[in-house]
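> sequence? don't have it. structure:
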């Protein structure tokens, strides 16, 4: 019965997030109500700034994963609403701080909060949302969930610092890169899925399976994002293509192109990444060099590998519309690059 | 028996923090061991940056209050070691973010982390320490403590945003100022003391008394700090005098001098605070105008009021060396200004 789990690329029509959105729609309304309620404060700037990002067209991917995982487990309670909101608050706090750290001016096609209200406000409202997320977890009262999410938060911060210290370091290899994205992205995906099994009081193996689904999906997701940064533009992505390149971020496309390049290619990457010679001409050259070395293609091949692992992790659950939707979410994550 | 609680100003020799340091010395060694252990990470920048601030000569005032409160209650366990470390991590995270928000370059007489390692690293290591503090609380396992400290964290962030939106707002009055310092400073002092009663499993009235002690001490502490900013220099304070003035921060000395000033004085304060005309000459004029209006003196009178309330809150506890030390800590906090 579990052999019906799809294989990546098997779908006839383009994969979509719509089934997962449909399956979680009712619960998501409850989550949104918690989010709106708990981002309030007597200090008007807090809901204003938080709302800019929270209402700003995000996919609510992480809380949706909590809800979809609960659906796969046939969980009938409501505890996951508050916890999914906590997960989204952690994510939003991270985004606010990321945009300060990266000096970003565009996210999801809108001006970033740090550009509109300044870095100080973004840092502090991020801290507020982060604290609020813990208040929500404490209200739920599960020490196990608190442990999972406080650990994920610490791991995310470690991953961000790890990434920061890897900036402009052309010697960063694939292993360290995987460590970074495993921490800064995949840890929260994993935790978002895992906590559904905790509230549904399912055995450790199911917790682990949902964790593995989320973790592998998170890695695939980030790999695709990092590939898209070299093949897209602001209109389709809501962020500027080449951002990572200009910031000297060591993402897998660069790592592969550098590793596979000859001496002349390596000199180019050193100038671009280490010295920051990264204008429009250099970006075009970078993309051409990635094409020659199949660096983007193989980044996407790696993404498919992790995507397949995510799908296979669902094999232990009974087939259901929710499980199908979680499979298709992986296919969607990959297909964004094509 | 409780009538032996001191009155402020009654001591013959200058009040000191030494008795509280002595009483908590053994426990503080345990707290320091937890702090050193839990600020570690595989990412070398994290312990390096965190250690700069944590080892950098801070008084450990907040964890010391947890330990002293536990001593007043004759608590015989060790749970407070981990929780005091969590309190210090929250405080350290706040300092890292504050220095980014204020653009400070000097703290405790040393260059700030944001100057040495940059704002991004300070933001992210702050996030890490904040997450770690919650991991420590989760390990302790008390949902009541988690609730107190997660609430305090959210209140601190709200207070910081409140302060940020009050910058250069000459119309901010004493009530809003008290709201701000009650949140950004006093909330953590209160929580640090209160959690000792929780781990010692004492009645609600003792929890409330320790909370009141911490809260009033925190307000007194901040009032004195804000006064000192107009009467001190970098050598004695480890920070630049006039920082608040240059940043256009609405602290009580400014609020009183403005409220008590004539039209000409108000025009001066508007130029200085609102328009940012705040050079050396203006700082000297500000100090002179504060002297005329007794703005600093009366800020300190307010501090003594809160200090006395802190001391009186201890009245319900049996006399002990620990209680005397907590009384003297209040006197010390006030005496810093003289």
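In hand now; what should we look at? Predicted model, so just to flag it, every value in this text is computed and none were measured. Numbers count the residues shown, from 1 in each chain, chains lettered A, B, ... in the order given.
> in three-state terms, how would residue A:135 be classified?
helix (DSSP: H, G, I helix; E, B strand; the rest coil).
> name the next helix or strand following the worst-scoring helix or strand of chain A on mean pLDDT along the chain.
Counting by mean pLDDT, DSSP states H and E, chain A has its least confident helix or strand at helix A:234-237, which shows a mean of 51. Using DSSP states H and E, the helix or strand that directly follows helix A:234-237 along the chain is helix A:243-247.
> which strands and helices sit next to that following helix?
Secondary-structure packing of helix A:243-247 (3 or more CB pairs under 8 Å, 6 or more residues apart in numbering or on different chains; DSSP states H and E): helix A:280-292. C-beta: built from backbone N, CA, C; applies to glycine.
> what packs against the helix or strand just after the helix it packs on?
Later in the chain than helix A:280-292, the nearest helix or strand by DSSP H and E is helix A:295-313. Contact here means 3+ CB pairs under 8 Å, 6+ apart; on that basis helix A:295-313 packs against helix A:204-228, helix A:252-260, helix A:321-335.
> same thing but 10 Å
Judged by 3 or more CB pairs under 10 Å, 6 or more residues apart in numbering or on different chains; DSSP states H and E, helix A:295-313 is in contact with helix A:174-181, helix A:187-199, helix A:204-228, helix A:252-260, helix A:280-292, helix A:321-335.
> buried residues in the fifth one?
For helix A:280-292, a neighbour-count test (16 or more other CB atoms under 10 Å in any protein chain shown) marks A:282-283, A:285-287, A:289-290 as buried.
> what residue is smack in the middle of chain A?
Central residue of chain A (CA atoms, centre = their mean): residue A:185, 4.7 Å from the mean position.
> wait, a helix at it?
Yes. Under three-state DSSP, residue A:185 falls within a helix.
> near chain B, which residues of the stretch 151-300 of chain A?
Within the stretch 151-300 of chain A, the positions adjacent to chain B are A:151-167, A:179-180, A:183-184 by CB under 10 Å from any CB of the partner chain.
> if you set the cut-off to 8 Å instead, what comes out?
A:151, A:153-154, A:156-158, A:160-162, A:164-165 (CB under 8 Å from any CB of the partner chain).
> among the helices and strands packed on helix A:295-313, which comes closest to residue A:90?
With CB to CB as the measure, helix A:187-199 is the member of the helices and strands packed on helix A:295-313 nearest residue A:90 (6.4 Å).
> which helices and strands sit right next to the closest one?
Using 3+ CB pairs under 8 Å, 6+ apart: helix A:187-199 touches helix A:61-72, helix A:79-102, helix A:143-166, helix A:204-228.
> the first one - contacts with which helices or strands?
Identification of packing neighbours for helix A:61-72 by 3+ CB pairs under 8 Å, 6+ apart yields helix A:18-38, helix A:79-102, helix A:187-199, helix A:204-228, helix A:321-335.
> tell me what angle the first one forms with helix A:79-102.
Orientation check (axes from the mean of the first three to the mean of the last three CA atoms, to 10 degrees): helix A:18-38 against helix A:79-102 gives 80 degrees.
> which residues touch the helix or strand following helix A:18-38?
From helix A:18-38 onward toward the C-terminus, using DSSP H and E, the following helix or strand is helix A:45-54. Residues outside helix A:45-54 that contact it (CB atoms under 8 Å, 6 or more residues apart in numbering or on different chains) are A:35, A:39-41, A:88, A:92, A:95-96, A:107, A:110, A:113, A:116-117, A:121-122, A:125, A:128-129, B:158, B:161, B:164-165.
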